[in-house]
Structure formats: structure tokens, C-alpha cells
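A.B. asks: Just a sequence and a predicted model for now, questions to come.
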Amino acid sequence: MLKNATDPLGKLVNLKHLLAPVLSLAACAPGGAGAPAPANPRAADQASGTAELLIAVSPVNERVVWVSGTRGSYVRTTDGGATWHAAQVPGAEALQFRDVHALDENTAWLLSIGNADTSRIYHTTDAGKTWALQFTNPEPKAFYDCLDFWDARRGLAISDAVDGRMVLLSTSDGGAHWTRISPAALPAARPAEGAFAASGTCLITRPGGHAWIALGTPKARLLHTTDFGRSWTADTIPLSAISSVSFRDPSHGIVLGTDSTVATAVTADGGRSWARGGRPPFAMGFYGGAFVPGARVPTVVAVGPGGAAWSRDDGATWTVLNGNNYWGIGFAPSGVGWIVGRGGRITRLSGF
């Protein structure tokens, strides 16, 4: 939901028992209990070339990264962030791009949020020289929050529920056509149910047809598909609100939210059961988070208005990286990542 750039995000199982298999495997794995602990991650600020609020991050690899922001803006690098190119999508200057998905250095999709026709999807295949408007929301009550793709053809985009029904779009041709998935294939919506358009991480896709959608209000739920969106299940999460979801494999996942006391929950069985995680280190909780691909010890990094933090025990404890205002996060397959926020802030993360 999160209707504008200044609003705050708001629009069981025993943890030790649940994490025991994970901790046991980690102790036997390279970098586990028998190996030297990895050093703290490194953070390096980069010059984005814009003062806009930057919201979502989509790294293709260590060199190519796309970032989306307010006032129709986006930034792009092809040299790992040594230089960034900032620009606006023509005709979209009044829009907020709350999500971005990049396929390569030339190809990306941008999702703008808002009711009615302010929710849109733009697409470029020439590094932003030109943009095609692929989708304009025709439903006055719909409000799109996130999008993601499995590959160059197949993708999803999620809206808040409308009139008691979930609104989820799919594409099988790279966004040339977006089709609403039948509400009959989706769990029934709760009253006023929706996702948080905070960092582009309320919807994630993973190999093999997996995707998860974090529904933040009025009570947290997680939707899951294993067949590229043809059918869905729903899991209840023991948190009052969630804004972000990340899975490091089909079994081990974490959801992050805005609760100022307990803002994390974890699963080791693909979402069938969940345990509350540790207290967040920031008063306002988290806007987004992600597992670090290939980390020597399984590591999750989370961001919010109060700063950035990382955890090597699935959110049970957190180490603060810094206290800057961040909204979005994304990692390349190699484990190098970027976090972004107010005033055009971009910080590169490495050393996990």
C-alpha cells in the first residue's frame, strides 16, 4: 500500500527447535562452526547522480544494476557503480517507480504505484533510450505494489485486493500482454488486504516456478505458487504486518515487517510453519530485505528508515551496518549487493 513517499509504512513454533537443522548444517558446512567466522561486510557509498528517493534495486550481475525511484526516475550502472546514469521516463515525471526488474544492461521493467492509471508498467530494450508503456491499470480501486519475473517471458505483478478479490497479473510474453489471474485460482482476499509497496520485495520469483507474495495487512499472510502462478496456497505469518519476503532455497525463508518489537519470522519447511525472529534494531522495523547469494554463512540483510542491518542466524540477532535512511535492497548472484534510499543514496555491499 504505502500511498506516498513520505508516509510511514502502515497504509507457536519454538525458534530454537525450528532452526536446529539449519544451525547443524551450518556447523558442518564450509564457513560453519568449525571454520573462522567471516569478517563483517564492507559498505561503500556511491554517487547516484540524483537526489530523488531511490526505492527498488535489481542487480543483473556485479557490473549491471538498475534502481528505480520517485518522479519517474531510475538510475543504471554498467561498471559496478563506479558511475551511475540517472534519468526520467518521459511522461512519467509524476509517478513513483516502486519496483524494477532488470534482465540485462539494456532490458528492464519499471512498476509505478497508485490508484487507477497511476499504476503502470514500462519496458525498455535499449537501456532507457525509449520506453514502452505495457500496462495501465484500468481498475479505479486497484493499487499495484510489486512485480517480478522468472525469465525474459514469464512474470507477475500484484495489486491490493479489490472488492474482496485478489488482483494478480501474469505475463508469458515479456509483458507485451498482462492477464489477470482468475480469482478462483487464488485464496480469497481478506477485507482491505494488500501488500506494501516499499522496496519491490513484497513479490519474489525463484527457479522452478516458485513465487511468494507478502501480504502485509490486515494480518500478515504469504501466498506461494510452485507452478508459475497457476495455483496458489496461503500461509499465516505470526506478525502483525510484513513488507518483504526472501528465500535462500525452497525451504528456508524469512519475512520482514514494520513491527517495532518483532519484525521477522522464519521458516525451514517452505512456509508450512513459521517462528518469530528477533527484535529489529530499528524503531520503525524494515522496509525490505534479502538473503545474500553464496554467503559463507547464510546471511540476510534488511533495510528501513532507521538504517541497515545484517543477521547470520536467520533474524534471531542483528548487527547494525549504519543508521542511514534506506528503502530498497538487491543482490547480484555473486553476493555483491546495493542498498538505496533518500537523497539518491546508494551503498554497495560486499565481503559476505
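C.D. replies: Perfect, thanks for sending it.

A.B. asks: any idea how far G253 is from V297?
C.D. replies: Distance from V297 to G253, counting by Cβ to Cβ, to the nearest Å: 17 Å. (Glycine included, C-beta is placed from N, CA and C.)

A.B. asks: neighbour count winner among those two?
C.D. replies: Taking other Cβ atoms under 10 Å, V297 and G253 do not tie; G253 has more neighbours (26 against 17).

A.B. asks: In contact with the more buried one, which residues?
C.D. replies: W212, V245, S246, F247, V266, T267, G270, G271 (Cβ atoms under 8 Å, 6 or more residues apart in numbering).

A.B. asks: From N324, how far out is the last one?
C.D. replies: With distances defined as Cβ to Cβ, the gap from G271 to N324 amounts to 32 Å.

A.B. asks: just to revisit the earlier point, highest neighbour count among the contacts of G253?
C.D. replies: That'd be V245 among those, by other Cβ under 10 Å, with 29 neighbours.

A.B. asks: and that one, what element?
C.D. replies: Element membership for V245, per DSSP states H and E: strand 244-247.

A.B. asks: which other helices and strands contact that strand?
C.D. replies: In terms of contacts (3 or more Cβ pairs under 8 Å, 6 or more residues apart in numbering; DSSP states H and E), strand 244-247 is packed against strand 203-206, strand 210-215, strand 253-256, strand 288-291.

A.B. asks: Stretch 125-139 - what's its average pLDDT?
C.D. replies: Averaged over stretch 125-139, pLDDT sits at 98.

A.B. asks: Can you give me the buried ones in that stretch?
C.D. replies: For stretch 125-139, a neighbour-count test (16 or more other Cβ atoms under 10 Å) marks A127, G128, W131, Q134, F135, N137, E139 as buried.

A.B. asks: Next, format these as TSV and append distance to T258.
C.D. replies: Below are the buried residues of stretch 125-139 laid out as TSV (distance: Cβ to Cβ, whole Å):
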residue	distance to T258
A127	35
G128	32
W131	32
Q134	31
F135	28
N137	25
E139	26
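
A.B. asks: out of those, who's nearest G341?
C.D. replies: Checking those against G341 by Cβ to Cβ gives G128 as the nearest, at 21.7 Å.

A.B. asks: so the closest one touches Y74, yeah?
C.D. replies: Yes: the criterion here is Cβ atoms under 8 Å, and G128 meets it with Y74 at 6.9 Å.

A.B. asks: so what's in contact with those two at the same time?
C.D. replies: Common neighbours of G128 and Y74, using Cβ under 8 Å, 6+ apart, are A87, V89, A108.

A.B. asks: list the contacts for the second one?
C.D. replies: Going back to what we said before, that points to V89. G72, Y74, L95, F97, L110, Y122, G128, W131.
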